[in-house]
Structure formats: structure tokens, C-alpha cells
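Chemist: quick one: sequence plus predicted model below, questions after.
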Amino acid sequence: MTTLSRRLMTSLVLATMLAPTAVFAADKPKEIRIDWATYNPVSIVLKQQGLLEKEFAKDGIGIVWVQSAGSNKALEFLNAGSIDFGSTAGSAALVAKINGNPIKSIYVYSRPEWTALVTAKDSKIASVADLKGKRVAVTRGTDPHIFLVRALLGAGLSQNDITPVLLQHADGKAALIRGDVDAWAGLDPMMAQAEVEEGAKLFYRKPEANTWGILNVREAFLKEHPDLVRRVLAVYEDARKYSLAHYDELKQAFIGVTKLPDAVVDKQLKKRTELTHSRIGTPQRDSILAAGLALQQAGVIQSSVDVKAVLDTLIDDQVPLLTN
């Protein structure tokens with residue numbers, strides 16, 4: 001062995017001995033961080049029953065739960081690396097991906113009609129065209145925001161024709177009820193609560209323009225821990241099937257978290273939420289792509305962006321859906 005080779009070998013041995021454990025990507029994490037949200041009922045069952053905790057106890061991996069108040073928050077958490085799995089609308093995930101958020105969409109947790117355009121019970125607003133010149137509460141970076149932009153586009157208007165008031169969902173509802181805004185791009189369960197308790201009116205509905213409830217994972221986590229991702233999805237799938245088969249238990253778990261009355265919860269879970277899908281397939285792709293192209297037409301997404309190509313990089317439908 002030459003002198004150079006001996007030095008190289010010595011350096012490699014020392015580097016291996018001194019390298020911290022954390023550099024080995026395949027090492028198990030100490031915890032999995034995942035969100036729950038009132039717009040994702042399956043996540044509430046998953047959390048309440050401790051299903052992930054039971055699945056990963058034998059590995060010594062803890063589960064850390066973080067509440068997301070909207071897709072925008074879930075995407076912020078994913079981008080910052082403070083959660084590994086986050087619940088969003090499909091269209092919101094697409095916009096985030098276009099803006100550089102390193103995520104993959106891997107699972108469908110619901111097909112909801114979770115957003116519509118809402119006004120107060122005594123309002124004279126009856127159509128999207130009536131929003132011209134009005135103050136509209138909206139949470140940017142969420143399905144309600146994208147729904148509003150598409151509705152305006154369909155009515156020959158743009159965001160420049162209204163005064164957007166940027167508020168988180170719950171604050172948007174409160175602003176509408178107080179009369180601080182003329183309309184609100186709503187989100188359940190706050191939207192259902194406003195209807196039932198305040199007489200608020202859903203003056204523009206379009207269920208097919210609600211993009212699907214999608215579970216996303218950080219790209220790095222998927223790359224480093226594909227087996228853990230498969231196991232998380234298997235447990236998620238168990239929780240979805242349980243929720244579908246046990247409405248009363250799902251409802252009680254939801255009430256336990258939200259403290260909302262039966263009428264509000266039934267309106268969201270029984271009338272406006274479907275839990276029969278889990279794989280990201282053609283209907284989901286088409287829905288998210290349509291939203292992306294509409295946003296591009298409205299000028300929200302730059303014309304230079306290849307929306308379909310980004311969608312292809314966003315969706316990873318190769319993670320197998322196993323059931324425990």
C-alpha cells in the first residue's frame with residue numbers, strides 16, 4: 001500500500017468513527033410529527049384512538065401531534081420541517097409545490113364540500129357578481145381562497161374587484177358575523193356553525209370546485225423512511241375505514257374536540273364529507289389540475305409555470321396502501 005493510500009484509508013476510518021449518528025439517513029427517528037385538523041375528521045379519530053402510538057411503540061418512536069388551523073398552516077409547518085405529515089386541500093398543496101415547498105402528496109383522506117361563499121343572513125348579496133367592491137374575508141393559501149378566485153373568474157371579476165381581508169378561517173367567520181366584512185370564503189366546521197347558529201347564507205356553492213382532502217409528507221422524510229411512511233398510511237387507512245363504518249363514534253370524537261352541537265357536526269360530516277376514497281387517482285389529479293390552470297388564468301400562478309409538470313412531481317401514488 002502506498003503512503004497516499006494509507007493516508008486515505010486512515011482518513012476514511014477516522015471520518016467513520018467521528019461521524020455523528022444523525023448523518024445516517026436510515027436511522028429511525030425518535031418521533032413522527034403529524035398534524036390533525038377539524039377539516040380532516042379521520043385525523044381526529046386517528047389521534048383519539050392512539051392508533052399511531054400503538055403502531056410505533058415497539059420501535060420506540062413517539063408520535064407528536066400538531067393542530068393545523070388551515071392548509072396554509074399545515075404547509076408552513078411542512079416547509080419548516082416542524083411536521084412530517086400534513087393535511088391540506090389538493091390545490092393548496094399544488095400552489096405550495098409551485099412555490100418551492102418540498103412535499104409529496106400521498107393519500108386522500110376525504111372528498112369534502114368544505115368551502116363556499118358565505119354572507120350574513122340579512123345581506124343583499126346573492127351572486128358572485130354582487131361581490132364587486134365588497135370586503136371579503138379569506139385565508140390565503142387555502143382551498144377557500146382558491147375557490148374564491150375561481151368564482152370571481154367565472155363571474156368576469158378578479159381579486160382586484162374586491163377588497164380581500166386576510167384572516168384565518170375562524171377569524172373570517174367572526175368578522176362576517178360582526179359585520180366587519182360583506183362576505184367570507186368559508187370553511188367547515190365554522191361555515192356550518194355560521195349557518196346553523198347565525199343564519200348565514202351560502203350564496204355560491206360548487207362542490208366540484210372543492211379540491212380533495214390530501215395528506216402530504218415531507219420529501220426528505222419519504223426518501224429517508226419509506227417503510228415508516230407505508231406504515232403511517234396503513235394506520236391512516238384503518239382509521240378512515242373505521243370512520244366510514246362507525247359514524248356515531250366519528251361524530252362523538254369530533255364533538256369531543258370541537259364542542260360543536262349535533263346539528264353543526266351532522267351538516268359537516270353527514271352532508272358535506274365523503275370518506276370513501278383513499279388513493280390519489282385520475283379524479284383527484286384532474287380536480288387539482290383544473291384548479292391550478294384556473295389560478296394561472298386568473299394570474300395567481302405565473303404563465304411560465306408548467307402546472308401539469310409540477311403536479312406530476314407533487315403526487316406520489318407509488319406508496320402502497322396496506323391495511324394492518
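Modeler: Arrived safely, thanks for sending.
Chemist: just the buried residues of the longest strand seen in the chain, please?
Modeler: Longest strand in the chain, counting residues (DSSP state E): strand 103-112. Neighbour counts over strand 103-112 (16 or more other Cβ atoms under 10 Å) mark 103-112 as buried. Using the backbone N, CA and C atoms, a C-beta is placed for each residue, glycine as well.
Chemist: after it, which helix or strand is next?
Modeler: Next helix or strand after strand 103-112 toward the C-terminus (DSSP states H and E): strand 117-119.
Chemist: and what about I280, helix, strand or coil?
Modeler: With DSSP: H, G, I helix; E, B strand; the rest coil as the basis, I280 sits in coil.
Chemist: what's the spacing between stretch 165-172 and its chain's center?
Modeler: 17 Å (Cα atoms, centre = their mean, to the nearest Å).
Chemist: what about it, how long is it end to end?
Modeler: End-to-end distance for stretch 165-172, by Cα to Cα, to the nearest Å: 8 Å.
Chemist: buried stuff in that stretch?
Modeler: Across stretch 165-172, burial judged by 16+ other Cβ under 10 Å covers 165, 167-172.
Chemist: now for these: which two are most distant?
Modeler: V165 and A170 (13.8 Å; Cβ to Cβ).
Chemist: related to what we said a few turns ago, show me which of the buried residues of strand 103-112 is closest to Q48.
Modeler: Once Cβ to Cβ is applied, the member of the buried residues of strand 103-112 that ends up nearest Q48 is Y109, at 15.2 Å.
Chemist: from I34, how far out is that closest one?
Modeler: 12 Å (Cβ to Cβ, to the nearest Å).
Chemist: same check on F147?
Modeler: Going from F147 to I34 by Cβ to Cβ gives 26 Å.
Chemist: what about these two, which has more around it?
Modeler: F147 (27 against 23; other Cβ atoms under 10 Å).
Chemist: chain neighbours aside, what residue packs nearest to the more buried one?
Modeler: T115 (4.8 Å; Cβ to Cβ, 6 or more residues apart in numbering).
Chemist: cool, S303 as well?
Modeler: Per Cβ to Cβ, 6+ apart, closest to S303 is Q296, 6.5 Å.
Chemist: distance from the helix or strand where the one you found lies to the middle of the chain?
Modeler: Using DSSP H and E, the element containing Q296 is helix 282-297. Relative to the chain's own centre, helix 282-297 is displaced by 16 Å; criterion: Cα atoms, centre = their mean.
Chemist: helices and strands around it, which ones?
Modeler: Applying 3 or more Cβ pairs under 8 Å, 6 or more residues apart in numbering; DSSP states H and E, we find helix 282-297 packed against helix 90-98, helix 143-154, helix 307-314.
Chemist: what about the second one, distance to the chain center?
Modeler: For helix 143-154, the distance between its averaged C-alpha position and the chain's averaged C-alpha position is 17 Å (Cα atoms, centre = their mean).
Chemist: who does the helix or strand that it is followed by pair up with?
Modeler: As assigned by DSSP H and E, the chain's next helix or strand after helix 143-154 is strand 163-166. Note on strand 163-166: by DSSP bridges, its sheet partners are strand 135-138 (parallel).
Chemist: quick one: average confidence on the strand it pairs with?
Modeler: Mean pLDDT, computed over strand 135-138, is 98.
Chemist: still on that earlier bit, right, and the residue nearest to F147 touches H145 too?
Modeler: No. Using Cβ atoms under 8 Å, T115 is not in contact with H145, being 9.0 Å away.
Chemist: list residues touching both of those two?
Modeler: Each of A185 lies in contact with both T115 and H145 under the rule Cβ atoms under 8 Å, 6 or more residues apart in numbering.
Chemist: who has more neighbours, these two?
Modeler: T115 (30 against 27).
Chemist: wait, what's in contact with the more buried one?
Modeler: For T115, the contact set (Cβ under 8 Å, 6+ apart) comprises 143-144, 147, 185-188, 191, 210.
Chemist: need those in TSV with pLDDT and distance to S71, can you?
Modeler: Formatted as TSV, the contacts of T115 follow (pLDDT from 0 to 100; distance: Cβ to Cβ, whole Å):
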residue	pLDDT	distance to S71
D143	95	6
P144	96	9
F147	96	12
A185	98	13
G186	97	14
L187	96	9
D188	97	13
M191	98	15
N210	96	12
